[in-house]
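In: One predicted model, sequence on top.
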Amino acid sequence: MSAPDSLKNVKHVILILSGKGGVGKSSITTQTALSLVLKGYKVGVLDIDLTGPSIPRMFGLEDAKIHQSTNGWVPAQYNKDLSIVSLGFLLGSKDASVVWRGPKKTAMIRQFLKDVVWPDLDYLLIDTPPGTSDEHIAIAEELQFANPEGCIIVTTPQQISISDVKKEINFCNKVNLRILGLVENMSGFICPHCAECTNIFSSEGGKNLASQLSLKYLGAIPIDPLFVEMIETQKGSSLLDSYENSRLYLESFKPIIDGVLEEVGK
Ligand SMILES: Nc1ncnc2c1ncn2[C@@H]1O[C@H](COP(=O)(O)OP(=O)(O)OP(=O)(O)O)[C@@H](O)[C@H]1O
Ligand code: SF4
């Protein structure tokens, strides 16, 4: 089976997965997208977290709409290098939520995969719902046709338990999805007053876990209140400029994106 026509202009597809909700999957998707754009790549983001689509808010695109052309849905543009599709764009209000059963969600995801007219992209990042339900397996099976490059698993120090990450590994094995590596989010806290990073929970947990499970450890991201402020106050090119000069990017995410690109190149 070949990739849907809508993905024929996409070079690499990467999924972002997490065992639980709220661990920062959408933030990591956002930072991956911004970092790849800063490196000169053309990037698309597909938000299939149907129960809580937070990607529009992260990119300041709450009022954006995707529209139907004769060929399919046309993504919203964050800028000329970054195209975005989220169910959030189809919901009437930003507070609206989707309460659908599995088959309807899967049908919607299939439609997203088949009917979006992506421009030429180096990377398509897919922000998935948390967990590893049957619905996930259906999503990943559908994505097999897109020949995904692999996935990034996001966890937090609180969530660092072998069982959670093992569930993700089992899922990836089941659907034959390569794991590019593990990111530990919310690892330590950067004080907004003195910029000192304090490890609230034990440090090196993610690194030890990755080595125990023979996964590549991509790196850790601290809780940085400046990131939340940046997302809330800066849009478009000003967000890219601020992010490029932020400590979060320079010290934490830049090595992570380099690790991801190294894996993709293998
Ligand atoms: N490293 C970080 N520093 C500061 N805030 C963060 C960080 N990571 C995530 N957050 C914040 O935590 C909240 C939850 O993050 P996010 O929406 O990315 O999680 P998620 O795993 O995608 O959640 P969901 O399962 O609901 O989709 C957001 O408000 C986000 O801005
Ligand atoms: S890290 Fe330093 S500036 Fe920040 S709250 Fe603690 S003592 Fe105060």
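Out: Nice, thanks for sending it over. Ligands and ions are numbered 1, 2, ... in the order given.
In: Contact partners for whichever residue of the stretch 1-150 of the chain sits closest to ligand 2?
Out: Of all residues in the stretch 1-150 of the chain, Gly24 sits closest to ligand 2, at 21.6 Å by C-beta to the nearest ligand atom. Placement of C-beta: from N, CA and C, glycine included. The contact partners of Gly24, taken as C-beta atoms under 8 Å, 6 or more residues apart in numbering, are Ser18, Val154, Thr156, Asn185, Met186, Ile221.
In: try it again with 10 Å
Out: 16, 18, 30-31, 154-156, 183-186, 221, 223, 227 (C-beta atoms under 10 Å, 6 or more residues apart in numbering).
In: Tell me the confidence at it?
Out: Listed pLDDT for Gly24 reads 91.
In: number of nearby residues for Gly72?
Out: 16 (other C-beta atoms under 10 Å).
In: rewinding a little: from the contacts of Gly24, which single one is nearest ligand 2?
Out: Ile223 (12.6 Å).
In: Specify the beta-bridge partners of that closest one.
Out: Counting by DSSP bridges, Ile223 is bridged to Phe189.
In: isn't it right next to Glu184, touching?
Out: No: between Ile223 and Glu184 there is no contact under C-beta atoms under 10 Å: 11.5 Å.
In: Which single residue of this protein ends up nearest ligand 2?
Out: For the chain, C-beta to the nearest ligand atom, closest residue to ligand 2: Cys191, 3.1 Å.
In: OK, contacts around that residue?
Out: Cys197, Thr198, Pro222, Asp224, Pro225.
In: Check which residues of the helix or strand bottoming out on mean pLDDT in the chain are buried.
Out: For the chain, using mean pLDDT, DSSP states H and E, the weakest element among its helices and strands is helix 134-144, scoring a mean of 72. For helix 134-144, burial by neighbour count (16 or more other C-beta atoms under 10 Å) applies to Glu135, His136, Ala138, Ile139, Ala140, Glu142, Leu143.
In: Which one of those residues is nearest to ligand 1?
Out: Nearest member of the buried residues of helix 134-144 to ligand 1, counting by C-beta to the nearest ligand atom, is His136, at 13.0 Å.
In: hang on, isn't the closest one packed against Pro129?
Out: Yes: His136 is within contact range of Pro129, at 7.2 Å (criterion: C-beta under 10 Å).
In: can you tell me how far Tyr217 sits from ligand 1?
Out: 17 Å (C-beta to the nearest ligand atom, to the nearest Å).
In: Format the buried residues of helix 134-144 as a markdown table; extra columns: distance to Ile162.
Out: Below are those laid out as a markdown table (distance: C-beta to C-beta, whole Å):
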| residue | distance to Ile162 |
| --- | --- |
| Glu135 | 24 |
| His136 | 20 |
| Ala138 | 26 |
| Ile139 | 25 |
| Ala140 | 22 |
| Glu142 | 29 |
| Leu143 | 26 |
